[in-house]
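In: Following is a predicted model, sequence given first.
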Amino acid sequence: MSDLVDEDFARLVESLRYCVLLHDATSKDILWANRAACELLEFTVEELKPLKAPDMSAQEQRYRRSIGRQWLQDAVDDGVAITEWAYRAKSGRTVLTEAIAVRVELTQRTVVMVQFRDIEHEAMMRNDLVRTEATLTRTEARMAAFLRNMDEGIVVLDDEHVVTYASDAAATLVGVDVVELTGVRFTEFCHPGASRRAVEDMLTRTAIDGDAKGMRYEVDLPNGGRRWFAGSAQHIEIEDDLRGSLVLFHDVTDHVTTEQDHARDAQYLNYLARYNAMGDMAMAIAHELAQPLAAATNFIAATQHRLASRESVQGDLALGLIHARKQLDRANRIVHSLREYVTQLEESHQQCDLNDVVEDCRYFVDLRASSHGVRVEYRYDPSPVEVVCERVLTGQVVLNLCFNAIDEMATWPEDQRTVTVSTRTVGDLGFVTVSDTGKGISHMPDARIFDGAFTDKATGHGIGLALSHRIVTRQGGTISARENTPRGAVFEFGLPRPT
């Protein structure tokens, strides 16, 4: 270095990007500043020399003149002193710096060389980092508290379905400690059989397509009990260190138990319905079979009478036997339908057209009407009136309503003996309406028309309308009675249309 002269050293100092100020060790006055210091502080060397600490420092208390002088004195006493100092530039701009004061023994005097650099940006970054760390710490604490207090369990599984993370709630739900849950295949906690297979299948499908999958499964607890859980699984891949399935689950045992109770209740109610239907069948046998069997008996008796009197011809015998066979066939269909009705109510339902049901009954209605001198008018809806019902029993309702109307009109003058049967569709129901122009229903107690306890027929059982009401309502339909205009009664029932 012998080839360097004093002028070279001066140039080297001037070229430093660090700011340099020289202070007298005794008076602390500024003796000199390099170019970087002058540019940062916006003063020339001559302008800096007379300035004191208050003239070129921030106004905060921690940058008071006494503190600055003490810092320089510490450098004189100890050789080095480091601080953060906020200088104030000529424009008033405050610059936070990292400053190092070093005692230097020169030939003629002792000086303090202050080296400083702008750390405003670094300080802002440092403050941001501190705030971020504080926020992360606070968020982590809140998340931990949230996980501790939530009812839903969370586990992370690797590709082999082994638990790599488990929340406290997850461990509590399955009845073990977190340590016991971690490192174990999650499916080992599932009840062997359908539950375990369902969870394994769900986790496999989640890994294949990445979509979230829902599941419900049963878990065997260490205490010997069982609980039902429902949840979802989502495939995750976070950077290179976290890959597998995120599973969230919660206890649904009470819900499943309620579902099972409802299923048992429904089964029991269905049993009671069939049991009660046996009573209906007994009433129906007494009520419905009485009519076709009586008619068949009359036809056979008439045939026997003609044979005894030898007045019959072959055609009359054949006609009587045909009528008797039809009545017996009708009785057979009633018995068959009632047997199905009692055995399994819902399985006997079918989709049919009420126009066809009424048409099936027309022969028997007309037969009854002709014997009483009553005229029956049929007004079918031009479109099919599709409903879901038990066809034969629904036909029995049609016959009951029509026979009641015919029996009523049989007591009126012949020219007034008219019964009208019509079909129509209104909203979600298909209707059959039977109306007459008799004395109406005002003489009947409103609440007792369909309860089986009231009849105005001398030989009536009082159960025709009650049985009709049960048949219709058990099929999800409605049945009603109202006064006709200007007189008479209107009986109408509606059954649900196919969905």
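Out: Structure's in. What do you need?
In: can you give me the helices for this structure?
Out: In the chain, the helices defined using DSSP state H lie at 6-15, 35-41, 45-48, 65-78, 120-149, 168-174, 178-181, 194-209, 253-288, 290-309, 314-343, 354-372, 391-409, 464-474.
In: packing partners for the fourth one?
Out: Right, the one you point to is helix 65-78. In terms of contacts (3 or more CB pairs under 8 Å, 6 or more residues apart in numbering; DSSP states H and E), helix 65-78 is packed against strand 80-88, strand 94-105, strand 110-118. To be clear about C-beta, it is placed using only N, CA and C from the backbone, and glycine gets the same treatment.
In: show me the contacts for G79.
Out: 102-103 (CB atoms under 8 Å, 6 or more residues apart in numbering).
In: Give the phi and psi angles for it, as a check.
Out: phi 100, psi -40 (degrees, to the nearest 10).
In: N34 now?
Out: N34 adopts backbone torsions of phi -80, psi 180, taken as degrees, to the nearest 10.
In: Pull the number of nearby residues for the nearest residue to it once chain neighbours are set aside.
Out: Of all residues not flanking N34 in the chain, V20 sits nearest, at 4.3 Å (CB to CB, 6 or more residues apart in numbering). A count of nearby residues for V20, using other CB atoms under 10 Å, gives 17.
In: V20 and T411, how far apart?
Out: Distance, V20 to T411, by CB to CB, to the nearest Å: 131 Å.
In: ok, now which ones touch S15?
Out: R35.
In: Repeat the analysis, applying 6 Å as the threshold.
Out: By CB atoms under 6 Å, 6 or more residues apart in numbering, the contact set of S15 is empty.
In: Adjust the sequence numbering to begin at 58 for everything that follows.
Out: Let's use 58 as the start, then, which means that last one is S72.
In: Tell me the confidence at it?
Out: pLDDT, S72: 78.
In: what number of residues lie near T477?
Out: 18.
In: So it sits against S492, correct?
Out: Yes. Under the criterion of CB atoms under 6 Å, T477 makes contact with S492 at 4.9 Å.
In: rewinding a little: any figure for the gap between the residue nearest to N91 and V159?
Out: Distance check for V77 against V159: by CB to CB, it reads 10 Å.
In: circling back: which stretch among the helices of the chain comes nearest A115?
Out: helix 122-135 (10.7 Å; CB to CB).
In: Contacts for that closest one next, please.
Out: Under the criterion CB under 6 Å, 6+ apart, residues 80, 82, 85, 110-111, 138, 140, 158, 160, 169 lie in contact with helix 122-135.
In: related to what we said a few turns ago, for R554, find the nearest of the helices of the chain.
Out: helix 411-429 (10.1 Å).
In: So which bits of that closest one are buried?
Out: By 16 or more other CB atoms under 10 Å, the buried positions in helix 411-429 come out as 411-415, 417-418, 421-423, 425-426, 429.
In: Please state the offset of that helix from the chain centre?
Out: Computed by CA atoms, centre = their mean, to the nearest Å, the chain-centroid distance of helix 411-429 equals 51 Å.
In: Dump it to CSV, keeping only the CA atoms.
Out: Taking Å, rounded to 0.1, in the frame of the first residue of the first chain, the C-alpha atoms of helix 411-429 are listed here in CSV:
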residue,chain,number,x,y,z
LEU,A,411,-111.2,-43.2,-12.8
ASN,A,412,-113.3,-43.2,-16.0
ASP,A,413,-112.4,-47.0,-16.3
VAL,A,414,-113.2,-47.6,-12.6
VAL,A,415,-116.7,-46.1,-13.0
GLU,A,416,-117.2,-48.0,-16.3
ASP,A,417,-116.3,-51.3,-14.5
CYS,A,418,-119.0,-50.5,-12.0
ARG,A,419,-121.6,-49.5,-14.5
TYR,A,420,-123.1,-52.9,-15.1
PHE,A,421,-123.9,-53.3,-11.3
VAL,A,422,-125.1,-49.7,-11.0
ASP,A,423,-127.4,-50.0,-13.9
LEU,A,424,-128.7,-53.4,-12.6
ARG,A,425,-129.5,-51.8,-9.3
ALA,A,426,-131.0,-48.7,-10.9
SER,A,427,-133.2,-50.7,-13.3
SER,A,428,-134.7,-52.7,-10.5
HIS,A,429,-135.7,-49.5,-8.8
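In: Run through who's touching stretch 228-239.
Out: With contacts defined as CB under 6 Å, 6+ apart, stretch 228-239 is touched by 210, 220, 223, 246, 276, 278-279.
In: tell me which residues of it are tucked away?
Out: By neighbour count on 16+ other CB under 10 Å, the buried set for stretch 228-239 is 228-233, 238-239.
In: now do stretch 149-162
Out: So for stretch 149-162, counting by 16+ other CB under 10 Å, buried means 152-158, 160.
In: hmm, back to that, neighbour-wise, which one of the contacts of stretch 228-239 leads?
Out: Of the contacts of stretch 228-239, with other CB under 10 Å as the count, A223 tops at 26 neighbours.
In: Read off the pLDDT value for the residue nearest to N91.
Out: 94.
In: and it, what does it touch?
Out: Applying CB under 6 Å, 6+ apart, the residues near V77 are 91, 94, 172.
In: Pick the one among these closest to V455.
Out: Set against V455, the nearest of these by CB to CB is Q172 (111.5 Å).
In: wait, doesn't that closest one sit right on Y75?
Out: Yes. Contact criterion CB under 6 Å: Q172 and Y75 qualify, at 5.1 Å.
In: Pick out whichever of the two has more residues nearby.
Out: For Q172 versus Y75, neighbours defined as other CB under 10 Å are more numerous around Q172 (19 against 13).
In: ok, now which ones touch the more buried one?
Out: Counting by CB under 6 Å, 6+ apart, Q172 touches 75, 77, 157.
In: what about the residue in the chain sticking out farthest from the centre, distance to V231?
Out: Within the chain, the residue lying farthest from the chain centre (CA atoms, centre = their mean) is Q165, at 89.7 Å. Q165 sits 84 Å away from V231 when distances are taken as CB to CB.
In: try V70
Out: Applying CB to CB, the value for V70 to V231 is 73 Å.
In: which among the contacts of helix 122-135 gets closest to L186?
Out: Nearest to L186 among those: T140, at 21.1 Å, using CB to CB.
In: Count residues in the vicinity of that closest one, would you?
Out: When neighbours are defined as other CB under 10 Å, T140 has 20 of them.
In: Tell me what it is bridged to.
Out: T140 forms beta bridges with A156, as assigned by DSSP bridges.
In: what about the nearest residue to E549 once chain neighbours are set aside, how many neighbours?
Out: Among residues not flanking E549 along the chain, T490 sits closest, at 4.4 Å (CB to CB, 6+ apart). Using other CB under 10 Å, T490 is surrounded by 17 other residues.
In: same check, this time on the one 10 residues further on
Out: By the measure other CB under 10 Å, the count of residues near H500 is 7.
In: Quick one: closest of the helices and strands packed on helix 122-135 to S499.
Out: Each of these has some distance to S499 by CB to CB; the shortest is strand 151-162, at 102.1 Å.
In: elements contacting the closest one?
Out: Counting contacts by 3 or more CB pairs under 6 Å, 6 or more residues apart in numbering; DSSP states H and E, strand 151-162 packs against helix 122-135, strand 137-145, strand 167-175.
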